[in-house]
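Colleague: Below are the sequence and a predicted model; questions follow.
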Amino acid sequence: MSAEKTLAIVIRTVDFSETSSIVTLFTEEFGKITAVAKGCKRPKNAFESALDVLTVSRIVFLHKKSDSLDLLTEAKVERRFRGGQKSTDHLYAGYYVAELLTEMTDRSDPHPELFRLADWVLAQLSSLHEVAPLVLRFEMMLLRYLGQLPELTQCVETGEPIADRGRTPFGLLAGGVLSRRARSGHRQVIDVAVDSLRLLSIYAAEDGRWKKTEIPPRLAMEVRALVNRYLSHTLGKTPRLREYLRILSI
C-alpha cells in the first residue's frame, strides 16, 4: 500500500462500527474513493470535522489496489460548507451535488476538471448566490465532463442543425435532438422549444456566457423538466434529493 495525498470533497459517510465510518470522497487526483476512517467517531480523534459531508479537506490515505476499501489516515479541513446557513435550498443543492458525484462517477476514475467545478459550485452555494443557475451549470458541465452531454444543436442522426425558432424533437434514448424526418422509429421522444435547447447549450459551454444568461420564467419549467428526465434516464433512477430541492420539482 502507498500513502497518497490529495484534496477531497466528502460526499457520503456511513457507519462502519461504533467508532469508525466508511467515507466516500471525490478527490482531485484520484477520482472517487471509498475509505475506512478508523476511530473517527470517538470524542477525540485525528479527523475532527474534516469528514462532515460537503467539507473540502486535505487527506492522506493508503490506497489498496484490490477491491477492498482504502484506509484514511489523515484529514484536515480546507473549507467547510456554509450553505445551510443561507437557506434550505442552498443546503439541499449541496447535497444534490454530492449525490450526483456519488451516483454518476466511477471509483478511481480521475476527473480533475469535475472536481474543480464541484469545489467552485459548493463555494458559491456557501454564499448568497442564486441556487437555480448554479445547479443547472453543475448538471450540464457534469454531463459534459463525463461524456454524457446530449446533442443540443443538431440532429444526432443526420447532423441537420435545429431550426431558428419553434419546437423540435428531442430523443432521450437517442441522446439529443432529432430532425423531424429522423424522429420516426425512436422511442421516448419529446418536443422541446428551440429556445430551451439554446439556453442549455449556453450552460453546457466551457466559456462564461452562462453567468450573464438568466433562466427566463417562460422557459424555466420546460428546461427543468428536460434536465430532470435526461438525468433520470442517465442514472436509471430519480435522484433522491429531487423531492427536497424546490427548484428541481415541477
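Modeller: Arrived safely, thanks for sending.
Colleague: Just the strands from this structure, written as ranges.
Modeller: For the chain, the strands identified by DSSP state E occupy 2-15, 21-27, 31-37, 56-63, 70-79, 167-171, 176-177, 189-193, in order along the chain.
Colleague: Let me have those strands in TSV, adding mean pLDDT, distance to Leu152 and mean neighbour count as columns.
Modeller: Just so you know, the C-beta spots here come from the backbone N, C-alpha and C atoms, and that holds for glycine as well. Output for the strands of the chain, formatted as TSV (pLDDT from 0 to 100; distance: least, Cβ to Cβ, whole Å; neighbours: other Cβ atoms under 10 Å):
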stretch	mean pLDDT	distance to Leu152	mean neighbour count
strand 2-15	95	28	17
strand 21-27	97	26	23
strand 31-37	97	27	21
strand 56-63	95	31	20
strand 70-79	96	33	18
strand 167-171	96	9	21
strand 176-177	97	6	22
strand 189-193	96	10	16
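Colleague: Figure out which of the ones you listed is closest to Leu136.
Modeller: Of all the strands of the chain, it is strand 189-193 that lies closest to Leu136, at 15.2 Å by Cβ to Cβ.
Colleague: Let's see the closest one as CSV, backbone CA atoms only.
Modeller: Once non-C-alpha atoms are left out, strand 189-193 reads as follows in CSV (Å, rounded to 0.1, in the frame of the first residue of the first chain):
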residue,chain,number,x,y,z
VAL,A,189,-39.2,11.5,-27.8
ILE,A,190,-40.5,14.8,-26.6
ASP,A,191,-40.9,18.2,-28.3
VAL,A,192,-38.8,20.9,-26.8
ALA,A,193,-38.6,24.7,-27.5
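Colleague: That strand to strand 167-171, inter-axis angle?
Modeller: Between strand 189-193 and strand 167-171, the angle comes out at 140 degrees (axes from the mean of the first three to the mean of the last three Cα atoms, to 10 degrees).
Colleague: what does strand 189-193 rub up against?
Modeller: Residues outside strand 189-193 that contact it (Cβ atoms under 8 Å, 6 or more residues apart in numbering) are 166-172, 174, 178, 183, 219, 222, 226, 229.
Colleague: could you check the distance from the residue in the chain sticking out farthest from the centre over to Leu197?
Modeller: In the chain, the residue that sits farthest from the middle, by Cα atoms, centre = their mean, is Arg181; the gap is 34.0 Å. As judged by Cβ to Cβ, to the nearest Å, Arg181 and Leu197 stand 18 Å apart.
Colleague: For Met1, report the pLDDT, please.
Modeller: Predicted confidence (pLDDT) for Met1: 65.
Colleague: CSV for the contacts of strand 189-193, including distance to Arg79?
Modeller: Listed next are the contacts of strand 189-193 as CSV, based on distance: Cβ to Cβ, whole Å:
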residue, distance to Arg79
Gly166, 45
Arg167, 43
Thr168, 42
Pro169, 44
Phe170, 38
Gly171, 40
Leu172, 37
Ala174, 41
Leu178, 43
Arg183, 47
Leu219, 34
Glu222, 35
Leu226, 33
Arg229, 33
